[in-house]
Each structure stands twice: as C-alpha cells, then as structure tokens.
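Participant: Structure of the sequence below:
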Amino acid sequence: MSPQTQRLRELLHGPELLRMPCCFDALSARLIERAGFPLTFMSGFAVAAARLARPDTGLLSYAEMLDQGRSILEAVPLPVIGDGDTGYGNPANVRRTVEGYARAGFAGIMIEDQLAPKRCGHTRGTEVVERDEALARIRAALDARDSGADILIMARTDARATRGMDEALWRMQAFADLGADILFLEAPRDEEEMRLFCRRIPGPKMANMLEEGATPVLPPARLQEIGYKIA
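Facilitator: Numbering: from 1, shown residues only. The predicted model follows:
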C-alpha cells in the first residue's frame, strides 16, 4: 500500500472531522498543503473551470483528468482523492479509470451514479442511471481495488435531486453493502436529511459544502456532531 493510501485509511479511522479543500492544479494543491490541511480532493467542477473556463457538464475526458491529477500528485505528498465522475463509460471503463488513478498515485477515487454526460450535483437537470447500472459501476470499482489497485473508493449518489431521499438512502446502503470505503450522498436539502443519512447508513461519509448550493453550509463542529467524517 502506498504511503498516501495508508495515510488516508489512518485519517478515516481518526477521531476528528477531516476538512478537505478542493484543488484544481499543482499550485492550488500546494497552497492547501501549506495551509496545513491533511488531504485534498481534485474536483472535476474546479478542473473544468481552471482548464477549460467551462462549467462542470461532463466535458473533460478521463485522459484530461488523469493528466491534471499527475501534476497535482507530483506537487504534494498529501493523500489526494480524485474525481472519477461516472467512470467514463461502462463497467470496463470504470475499472480502467480506477486502475489508472491508482497507478498515478491517487489515494482515493469518487465514482458516481449520474447519467453521462454528468453535471454538478447542485445544478438543475441532473439524472441518475437505474439501480442495476449504478451498482455495476461501484462493483467494478471495488473489483479493481480488490484485484490490486491501491486506492480507496468513494461511492456517490445524485439520486436525491430527482428521485427523492428514500432512493438516495437505498443506493447509499447498497454501496455500503458492496464495500465502498467512503459514502457521498450529494445535495441533501437540509440538516434533517443530513442527520438521517448519517444515522441510517454505516461507514465514513462526506459532506459537500458548496457556496450557494442545495445543502446548508454548516461549521465543522456541527458536521462532526451530525456524523460526517469528511467535509
């Protein structure tokens, strides 16, 4: 196991909420490191803005994200979780994406259940694939991990926006049952939904604190009390 992946595992088992600013290039990652944060996330939203000056609507390819990630990983020793979007295709593509991110040195990768081309989860028009396809994506990612890819899997659902909280919770539980390392329910609408998620689903969970997004922006102490591990 790489030092970065091992460090991410250790952080997930620690007592404190992990504050994880997002990076988009080597310089932003270096600034996050120098500010003293323990890890960072390479955001597809931010990379699309920095690399293309375009919104997060599925325009970036696997190769472009991997290229951006290599620059970031060369710049900092921090554990970096990479945005893997939908995995860029069918389950075979998901597996290739996970393996490629692991070889590059990412400590974790996020795979989501949106219909491609995807978009930011806090914008209108997001759609998710059916349950079987969503499970197949996460299963492919976990198979890659269990077959030797040195990386942790963050499983994300965007089902809350169009199919409701019950469906989002069903998917989170299913991803947890498959063995996902981190769970991410995108865009809960209020604190009660955030608490319901953390209370009902086991395992480390991430909160996305996005300015002017659908989810209320809460202070770290409140997020930790609710039950989140990463923000």
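Participant: shaky segments in the protein?
Facilitator: Low-confidence regions of the chain, defined here as pLDDT under 70, cover residues 119-125.
Participant: Which stretches in it count as helices?
Facilitator: Counting by DSSP state H, the chain has these helices, from start to end: 3-12, 26-34, 44-52, 62-75, 91-104, 131-146, 160-163, 165-178, 191-200, 220-226.
Participant: would you turn those into TSV with mean neighbour count?
Facilitator: In short, each C-beta sits where N, CA and C put it, glycine included. Written out in TSV, the entries for those read as follows (neighbours: other C-beta atoms under 10 Å):
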stretch	mean neighbour count
helix 3-12	17
helix 26-34	17
helix 44-52	18
helix 62-75	18
helix 91-104	20
helix 131-146	20
helix 160-163	19
helix 165-178	18
helix 191-200	16
helix 220-226	16
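Participant: mind putting those helices in a markdown table, distance to D83 included?
Facilitator: Output for the helices of the chain, formatted as a markdown table (distance: least, C-beta to C-beta, whole Å):
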| stretch | distance to D83 |
| --- | --- |
| helix 3-12 | 15 |
| helix 26-34 | 14 |
| helix 44-52 | 4 |
| helix 62-75 | 7 |
| helix 91-104 | 10 |
| helix 131-146 | 13 |
| helix 160-163 | 18 |
| helix 165-178 | 17 |
| helix 191-200 | 20 |
| helix 220-226 | 21 |
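Participant: Of those helices, which is nearest P117?
Facilitator: Go through the helices of the chain one by one with C-beta to C-beta and the one that ends up closest to P117 is helix 44-52, at 11.4 Å.
Participant: Report all helices and strands that the closest one contacts.
Facilitator: Counting by 3 or more C-beta pairs under 8 Å, 6 or more residues apart in numbering; DSSP states H and E, the packing neighbours recorded for helix 44-52 are strand 22-23, helix 62-75, strand 80-83.
Participant: Try it again at 10 Å.
Facilitator: Contact analysis of helix 44-52 by 3 or more C-beta pairs under 10 Å, 6 or more residues apart in numbering; DSSP states H and E lists strand 22-23, helix 26-34, helix 62-75, strand 80-83 as its packing neighbours.
Participant: Dump these into a markdown table; add distance to L218 as well.
Facilitator: Formatted as a markdown table, the entries for the helices and strands packed on helix 44-52 read as follows, by distance: least, C-beta to C-beta, whole Å:
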| stretch | distance to L218 |
| --- | --- |
| strand 22-23 | 17 |
| helix 26-34 | 21 |
| helix 62-75 | 27 |
| strand 80-83 | 21 |
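Participant: out of the ones you listed, nearest to T5?
Facilitator: Closest to T5 of those is strand 80-83 (C-beta to C-beta; 10.3 Å).
Participant: so what does the closest one touch, helix or strand wise?
Facilitator: Using 3+ C-beta pairs under 10 Å, 6+ apart, strand 80-83 is in contact with helix 3-12, strand 22-23, strand 40-42, helix 44-52, helix 62-75, helix 91-104, strand 108-112, strand 152-157.
Participant: Dump these to a markdown table, plus distance to K205.
Facilitator: Written out in a markdown table, the entries for those read as follows (distance: least, C-beta to C-beta, whole Å):
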| stretch | distance to K205 |
| --- | --- |
| helix 3-12 | 10 |
| strand 22-23 | 17 |
| strand 40-42 | 14 |
| helix 44-52 | 20 |
| helix 62-75 | 24 |
| helix 91-104 | 20 |
| strand 108-112 | 13 |
| strand 152-157 | 10 |
